[in-house]
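K.L.:
sequence first, then the predicted structure, then my questions.
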Amino acid sequence: MTMPSLQTMRLGPHAAHVESAFQQLQAQQFLSRLWKRDASLWAADGPTQKAIRQRLGWLTIAQAMALHAELLRRFAQEIRQAGFTHALLLGMGGSGLFAEVCGSTLAAPDGLRLVVLDTTDPTAIRTQQRQCPLKQLLVIVSSKSGSTSEISALSKYFYETFKSADGHPGSHCLAITDAVTSLETQARAWGFRRVFSLAADTGADVGGRFSALTYFGLVPAALMGVDVALLLRRAEEMVSRCGPDGPIGDNPAVQLGAILGALAQRGCDKLTLVCPSALASVGTWIEQLIAESLGKLGHGIVPICGEPLREPAAYANDRIFVELQLASQPDEAITGHLHALEQAGHPVVHIRWDDRYDLGGEIAKWSIATAVAGALCGVNPFDEPNVQESKDRTKLLLEQYAREGRFRDEGRPLVRDADLAVYGASGPSSPGSLTQCLSDFFRQRQAGDYIALLSFLPRTTALDCAAVALRERLGERLGRATMLGFGPRYLHSTGQLYKGGPDAGLFLLLTAEEHEDLPIPGEPFTFGVLKQAQALGDFQSMQQKGRRILRIHLGGSLERSLERLASTLDDAIAALARR
């Protein structure tokens, strides 16, 4: 089996199983059926097949969007000439992640400085609003459905902010959405500078997490000075290599998908993404694609992104490592570490880019690979059946708050310790202390479990860094794969895996009171209340699914409370070893 020069694999004892997956795909005529949009590859019933066919526009979207590349270049030039220097993209999940990737890998010095605001956190909103004078700020309202609750609240807030500042709020705003959505109607009524409607302009229907190479990713990219035409050419080149005519064994996307699917079925379900800091954001895009596409029906591949590398002996036999680097600027420390992992028998895939514009091809490749892995694992990668659950609970909580001015369903804490209160179920017995509570909780761990830290704390640099450190601490002391999600962002990404995937996670959800809140124009609740409702809604949804989860509410000085929590976790984990 030959491999392309920029993608190599070292699979050790798993090679035979991957070869078997190739044979299965060949017998199914997978490639020809994929390009014919044969939805029976993933579903047997007619309605589901119809829904899948309506979401396969991403297969040819690079070619379709290439016709709009010059328009996007001219539009970006027009925006710069209008005096805008900064942009805020209001978008959740697939509506914002690729813009974030482009910002960290391809942004040009003469482009707008763009930040993705994918949160209802008052601290983050206030911080980003202050980054430049309002007259130089452009706001991009991005929502495929046009009705995403977070984006609706944020758009109202910024529209009123601009209205108060200069009386011409629409001139500061543009919208990206599908055709005939409530956002399109609102944007036109509010006089937005421009509305980009994907389906209306291309005729393509593309699911959110597969929409990177559409207006949702390319409009922000163009504003940042990215050469959109070149990015799309790289994508088209990869699509050509992954088309139906070449040998399946030489198809880089099928190779990657076969590896992921075959190894997941053998228990190697922790896809560990290893990237240098310059490409780290690519990992967050892959994280959403894999988690939301494949985490359902009790199945799932768990994407591990941003976790520090450990010595080979510290890993269980449930990992596959995918290394992504620039061929011209390899990080030798990463290369050496991955070689040691290969020598220890861990499966490793190496991906090398010629330059950063290979990002376009990588997006196309991973999209096809995800479709392949879904077929091998027996799941439909184009829906997200569990995402709505937390949204529904959040809506009910907000309706309750509007009636009563409070949340009634928080429950009684298992234990209180100074400024920490713990909610949920830690084990069969009633804990007498915070240490015992946490120790009982982690005693539930089983082989193959991962640990996920989910933070709804205020988004400050100090608290974000503390959450990262706490994740690393948990991974080191418990020897498990770890994930870190910031709410409500993760609800549109890994949240599908947490609720729809296998019961293989132990979750710590962190919340706190908002000391400096912000109002939402026209709503009976604030951004802080909305964020708290989202946290409680997801907590309740996870409990209803029987997930092992604790909610830890922090009070007082949040930095000191996190230090207290970290110290108590050390004691709790040490207590595990003594029993």
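P.N.:
Good, I have the coordinates.
K.L.:
which other residues reach the longest helix seen in the chain?
P.N.:
In the chain, with assignment by DSSP state H, the single longest helix is helix 558-578. Helix 558-578 is contacted by residues 417-420, 434-439, 441-443, 457-458, 462-463, 466-467, 469-470, 473-474, 477-478, 512, 552, 554-555 when judged by Cβ atoms under 8 Å, 6 or more residues apart in numbering. For glycine as for every other residue, the C-beta is placed from the backbone atoms N, C-alpha and C.
K.L.:
give the PyMOL command for selecting the buried subset of the residues you listed.
P.N.:
For anyone working in PyMOL, the buried entries among these, judged by 16 or more other Cβ atoms under 10 Å, can be selected with:
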select buried, resi 417+419+420+434+435+436+437+438+439+441+442+457+458+463+466+467+470+473+474+477+478+512+552+554
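K.L.:
can I see the domain layout of this structure?
P.N.:
Under the assignment automatic domain parsing, the domains of the chain span 12-36+242-377, 60-234, 387-578.
K.L.:
and those domains as CSV, adding mean pLDDT and distance to Arg53?
P.N.:
Listed next are the domains of the chain as CSV, based on pLDDT from 0 to 100; distance: least, Cβ to Cβ, whole Å:
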stretch, mean pLDDT, distance to Arg53
domain 12-36+242-377, 95, 10
domain 60-234, 94, 9
domain 387-578, 94, 21
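K.L.:
dump those into CSV; add distance to Trp42 as well.
P.N.:
Below are the domains of the chain laid out as CSV (distance: least, Cβ to Cβ, whole Å):
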stretch, distance to Trp42
domain 12-36+242-377, 6
domain 60-234, 13
domain 387-578, 15
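K.L.:
nearest to Ala44, out of the ones you listed?
P.N.:
Set against Ala44 and scored by Cβ to Cβ, these come closest in domain 12-36+242-377, at 12.5 Å.
K.L.:
next secondary structure after the helix or strand harbouring Ala165?
P.N.:
In the assignment (DSSP states H and E), Ala165 maps to helix 149-166. On the C-terminal side of helix 149-166, the nearest following helix or strand under DSSP H and E is strand 173-177.
K.L.:
what separates the helix or strand just after that next one from the chain centre, distance-wise?
P.N.:
Sequence order places helix 182-189 as the next helix or strand after strand 173-177, per DSSP H and E. The chain centroid and the centroid of helix 182-189 are separated by 27 Å under Cα atoms, centre = their mean, to the nearest Å.
K.L.:
helix 182-189 packs against which elements?
P.N.:
Counting contacts by 3 or more Cβ pairs under 8 Å, 6 or more residues apart in numbering; DSSP states H and E, helix 182-189 packs against helix 149-166, strand 173-177, strand 194-197.
K.L.:
now for those, which one comes closest to Arg319?
P.N.:
The nearest among the helices and strands packed on helix 182-189, by Cβ to Cβ, is helix 149-166 at 33.3 Å.
K.L.:
outside of that closest one, which residues touch it?
P.N.:
Residues outside helix 149-166 that contact it (Cβ under 8 Å, 6+ apart): 88, 90-92, 95, 117-120, 125, 129, 134-135, 139, 141-143, 168-170, 172-173, 183, 186, 190, 391, 394-395, 488, 518-523, 527, 530.
K.L.:
one step back: just checking, which of the contacts of helix 558-578 belong to helices?
P.N.:
Judged by DSSP H, helices contain the following of the contacts of helix 558-578: 434-439, 441-442, 462-463, 466-467, 469-470, 473-474, 477-478.
K.L.:
quick one, phi/psi of Lys270?
P.N.:
The phi and psi values for Lys270, taken as degrees, to the nearest 10, are phi -100, psi 90.
K.L.:
let's have the chain start at 37 instead
P.N.:
Sure, I'll start numbering at 37, so the last one becomes Lys306.
K.L.:
got the contact list for it?
P.N.:
Val338, Ile340, Asp354, Arg355, Ile356, Tyr486, Ala517.
K.L.:
the fifth one - that's part of a helix, no?
P.N.:
Think Ile356. No. Read with DSSP: H, G, I helix; E, B strand; the rest coil, Ile356 is strand and lies in no helix.
K.L.:
which ones are touching Gln164?
P.N.:
By Cβ under 8 Å, 6+ apart, the contact list for Gln164 reads Leu124, Val151, Leu153.
K.L.:
so how do I select the buried members of the residues you listed in ChimeraX?
P.N.:
Selecting the buried subset of the contacts of Gln164 in ChimeraX, with 16+ other Cβ under 10 Å as the burial test, is done by:
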select :124,151,153
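K.L.:
okay, the contacts of Gln164 in JSON lines with distance to Leu249 and secondary structure next?
P.N.:
JSON lines is the format used below for the contacts of Gln164 (distance: Cβ to Cβ, whole Å; DSSP: H, G, I helix; E, B strand; the rest coil):
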{"residue": "Leu124", "distance to Leu249": "22", "secondary structure": "strand"}
{"residue": "Val151", "distance to Leu249": "21", "secondary structure": "strand"}
{"residue": "Leu153", "distance to Leu249": "22", "secondary structure": "strand"}
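K.L.:
could you count how many residues lie near Gly127?
P.N.:
Residues near Gly127, counting by other Cβ atoms under 10 Å, number 30.
K.L.:
report the beta-bridge partner residues of the residue nearest to it when sequence neighbours are not counted.
P.N.:
Closest residue to Gly127 apart from its sequence neighbours, by Cβ to Cβ, 6 or more residues apart in numbering: Ser178 at 3.5 Å. Beta-bridge partners of Ser178, counted by DSSP bridges, are Ile212.
K.L.:
pretty sure Ser178 contacts Cys209?
P.N.:
No. At 11.1 Å, Ser178 does not count as touching Cys209 under the criterion of Cβ atoms under 8 Å.
K.L.:
before we move on, back to that, in JSON lines: the helices and strands packed on helix 218-225, plus mean neighbour count and distance to Ser597.
P.N.:
Output for these, formatted as JSON lines (neighbours: other Cβ atoms under 10 Å; distance: least, Cβ to Cβ, whole Å):
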{"stretch": "helix 185-202", "mean neighbour count": "19", "distance to Ser597": "26"}
{"stretch": "strand 209-213", "mean neighbour count": "27", "distance to Ser597": "38"}
{"stretch": "strand 230-233", "mean neighbour count": "19", "distance to Ser597": "43"}
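K.L.:
want to try CSV for the ones you listed, with distance to Ala571 as columns?
P.N.:
Shown next, in CSV, are the helices and strands packed on helix 218-225 (distance: least, Cβ to Cβ, whole Å):
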stretch, distance to Ala571
helix 185-202, 13
strand 209-213, 27
strand 230-233, 32
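K.L.:
isn't Thr496 right up against Thr159?
P.N.:
Yes. Contact criterion Cβ under 8 Å: Thr496 and Thr159 qualify, at 5.9 Å.
K.L.:
follow-up on the earlier one: by neighbours, which of the contacts of Lys306 wins?
P.N.:
Within the contacts of Lys306, Val338 tops the neighbour count with 29 neighbours, counted by other Cβ under 10 Å.
K.L.:
ok, what's across the strand from the closest residue in space to that one that isn't next to it in sequence?
P.N.:
Nearest residue to Val338 in three dimensions, chain neighbours excluded: Lys306, at 5.1 Å (Cβ to Cβ, 6+ apart). Taking DSSP bridges as the rule, Lys306 bridges to Val338, Arg355.
K.L.:
sort out which residues of stretch 446-459 are buried, please.
P.N.:
Glu446, Pro449, Leu450, Val451, Asp453, Asp455, Leu456, Ala457, Val458, Tyr459.
K.L.:
where do the strands sit along the stretch 387-536 of the chain?
P.N.:
Residue ranges of the strands in the stretch 387-536 of the chain, as given by DSSP state E, counting those that start in this stretch, are 451-453, 456-460, 486-491, 517-522.
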